[in-house]
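Undergrad: 3D, please:
(chains A and B)
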There are 2 protein chains.
Amino acid sequence: MVNQQFATAVHILTALAFNKKKLLNSEYLAASVSTNPVVIRRLLSSLTKANLVTTLRGKSGGVHLAKEPNQITLKDVYLAINLSDSICANNKSPTKDCPVSCSMQAILGTVAEGTQKAILKYLESQKLSDLIKKVPKPKN
Amino acid sequence: MVNQQFATAVHILTALAFNKKKLLNSEYLAASVSTNPVVIRRLLSSLTKANLVTTLRGKSGGVHLAKEPNQITLKDVYLAINLSDSICANNKSPTKDCPVSCSMQAILGTVAEGTQKAILKYLESQKLSDLIKKVPKPKN
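TA: Numbering: from 1, shown residues only, chains lettered A, B, ... in the order given. You can find the predicted model right below:
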C-alpha cells in the first residue's frame, strides 16, 4: 500500500473530523495537504462512493463526514480507495518445465492474502476518532 | 511492500530450498523467475549480506541456502531486501497555520509503524519449509 493516496485520504478525513460538521471545500483541503485540488476531488469521489463523506454542491457547498469519527476506521479508508495488493506476484508467465516457477503464483497469492488480512486487521483497530486526539485543539 | 523484489527473492529462496544443497547459478535462477540474471545477482547480494544464502565463486560455483528452510521466515526476506515502509507519510512540508497538517506526519508515522509490525508478525509465521510443501515433487 505504498502511496500518497492513502496518506492524503487520511489527511482529508482527519481535517473533516477535526472541523466537525463545518463544510470544507477541495481548495481548503488542498491547501492543508499541500496538493492540487484535482487530487483532492478525485479522492473525495472515492470517499463519497464508500459513504464516508457527503458532498453538498453549489457555491457555498463543500464536504463533511457522512458518519461520526468513531464509526470510521482506517480499514474503511483503505477499502474506499481500492489500493492494489501489497505484494504482487510475479506477473510473468511461469517457466513450464520448472516446478518451482509453476507454483510461485499460488505461493505468493497465499502470502499476499495473509499480508492483506494482517494489514486490514490492524487498520480496523484505528478509528478516526482516535487520530484526531493527536491534533492539538486551537487555544481560542 | 508493493514490488517484484520481494516476490523474486521468495522465488529464489524457494528454488534453493526445493533443490536442497544443489548449487544453482544466477542464470538458472533467472530462467526460473523469467528475469534478467542481473536482477537475480543484485538480490543474491542482499540475501548473502543477510546470511540467508552462501555463494561459492568460480566456474562451477553457485548459490545455496545458508540455513535450513525451517530456519528462514519471510520476515527475514522482507528485512534482507530492506523494503521501504508500506505507508509513506506526506513528504511535503506541513501548512504551518493548519493544526491538522502539522500533526499528519506524527499520525501517519504511527499508522505506518503499526502496519509494518502487523506485516512482519504475519511474515514471521511463514517459513520457507512451509512454502516448498506447495511445490509438487518430481515423479522420478
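Undergrad: Which stretches in chain A count as helices?
TA: A:4-18, A:26-33, A:37-49, A:74-80, A:99-124, A:128-131 (DSSP state H).
Undergrad: Need phi/psi at the closest residue to A:A31 other than its chain neighbours.
TA: Nearest residue to A:A31, sequence neighbours excluded (Cβ to Cβ, 6 or more residues apart in numbering or on different chains): B:T95, at 5.9 Å. Every residue, glycine included, has its C-beta placed from N, CA and C. With angles defined as degrees, to the nearest 10, B:T95 sits at phi -80, psi 110.
Undergrad: B:T95: how many residues sit nearby?
TA: 16 (other Cβ atoms under 10 Å in any protein chain shown).
Undergrad: do A:N36 as well
TA: Based on other Cβ under 10 Å, the number of other residues close to A:N36 is 11.
Undergrad: ok, it touching A:E27?
TA: No. The pair A:N36 / A:E27 is not scored as a contact, 10.1 Å apart, by Cβ atoms under 8 Å.
Undergrad: looking at chain A, which residue lies furthest from center?
TA: A:D97 (41.5 Å; Cα atoms, centre = their mean).
Undergrad: circling back: didn't the residue nearest to A:A31 look like it was pressed against B:S101?
TA: Yes. At 4.1 Å, B:T95 and B:S101 qualify as touching, with contact defined as Cβ under 8 Å.
Undergrad: Which residues are in contact with each of these two?
TA: A:S32, A:S34 (Cβ atoms under 8 Å, 6 or more residues apart in numbering or on different chains).
Undergrad: Below-threshold pLDDT in chain A: ranges please.
TA: A:1-2, A:83-92, A:139-140 (pLDDT under 70).
Undergrad: you'd agree A:L13 is up against A:A66?
TA: No. Assessed by Cβ under 8 Å, A:L13 is found out of contact with A:A66, at 10.4 Å.
Undergrad: which residues touch A:G114?
TA: Counted by Cβ under 8 Å, 6+ apart, A:G114 has contacts B:Y122, B:Q126.
Undergrad: er, A:C102 actually
TA: By Cβ under 8 Å, 6+ apart, A:C102 lies in contact with A:P94, A:T95, A:K96.
Undergrad: Give me the distance between the nearest residue to the first one once chain neighbours are set aside and A:A112.
TA: When you say that, I think you mean A:P94. In this structure, A:P94 finds its nearest non-sequential neighbour in A:S101, 4.3 Å apart by Cβ to Cβ, 6+ apart. From A:S101 across to A:A112, the span is 17 Å (Cβ to Cβ, to the nearest Å).
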